[in-house]
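Student: predicted model and sequence below, questions to follow.
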Amino acid sequence: MKKYLFFLLLSLLFLSCKKNNTVFSETFPLHGQSWDYDSLVQFQVRVGDTSGLYQIWLKFDHTEKYPYANLWIKFIVIGPDSTASVDTVNIPFQDPEHRWLGIGIGKNWSLKQMFADSVRFKKTGTYTFLIQHIMRPEKLSDIKKIGIIIKKH
């Protein structure tokens, strides 16, 4: 019995030592659960390693009252040398049967979506990530937080 318990505890120890490859994770709370069209959410990320590959994830916390099945955003990256790249991205919030994607607890939902895989930063320094909604309404309701997560492969 002691031998079994020892191997069980040892297995749990190894499973809990999962490598954490997150190099940046930050969320920005939106005042009043509302996102104005002209309000850009900004993240400053210091990159020191240009040899590795990275994944960029976007995270959106919203209520069950969010009125759309998706979210169109403009994603802007400004490098340390002031070069910029702009992408337009459609983030699905619901599946075809109108069920929320992500994780929900009560009336609150959290969706994590991979934006880019195998990204290589060309230069060390501070990168600025800007996110703007480009939906039709000027004010987008029931979005609580916006986040970005960068993980190293």
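Tutor: Done, it's in.
Student: and the nearest residue in space to residue 53 that is not next to it in sequence, how many residues sit next to it?
Tutor: Excluding its sequence neighbours, the residue lying closest to residue 53 (Cβ to Cβ, 6 or more residues apart in numbering) is residue 153, at 4.2 Å. No exception for glycine: its C-beta is placed from N, CA and C like everyone else's. Other residues near residue 153 come to 11 when the count uses other Cβ atoms under 10 Å.
Student: got it, and residue 103?
Tutor: Residue neighbour count, defined by other Cβ under 10 Å, stands at 11 for residue 103.
Student: which residues are in contact with it?
Tutor: Residue 103 makes contacts with 109, 110, 111, as judged by Cβ atoms under 8 Å, 6 or more residues apart in numbering.
Student: recalculate using a threshold of 10 Å.
Tutor: Residues in contact with residue 103, defined by Cβ atoms under 10 Å, 6 or more residues apart in numbering, are 61, 109, 110, 111, 112.
Student: from those, which two are the most distant?
Tutor: For the contacts of residue 103, with distances taken as Cβ to Cβ, the pair at the greatest spread is 109 and 112 (10.9 Å).
Student: can you pick out the residue with more neighbours from the two?
Tutor: Relative neighbour count places residue 109 above the other of residue 109 and residue 112, with 20 against 14, counting by other Cβ under 10 Å.
Student: look at the more buried one and report its pLDDT.
Tutor: Here the pLDDT value assigned to residue 109 is 98.
Student: name the helices or strands packed onto the helix or strand harbouring it?
Tutor: Remark: residue 109 resides in strand 108-119, with elements defined by DSSP states H and E. Using 3 or more Cβ pairs under 10 Å, 6 or more residues apart in numbering; DSSP states H and E, the elements in contact with strand 108-119 are strand 54-63, strand 70-78, strand 84-92, strand 103-105, strand 143-152.
Student: partners of that strand, with directions?
Tutor: Using DSSP bridges, strand 108-119 pairs in its sheet with strand 54-63 (antiparallel), strand 103-105 (antiparallel).
Student: show me the contacts for the residue lying closest to residue 80 once chain neighbours are set aside.
Tutor: Distance criterion Cβ to Cβ, 6+ apart; nearest residue to residue 80, sequence neighbours excluded, is residue 125 at 2.7 Å. The contact partners of residue 125, taken as Cβ under 10 Å, 6+ apart, are 45, 46, 47, 48, 50, 79, 80, 81.
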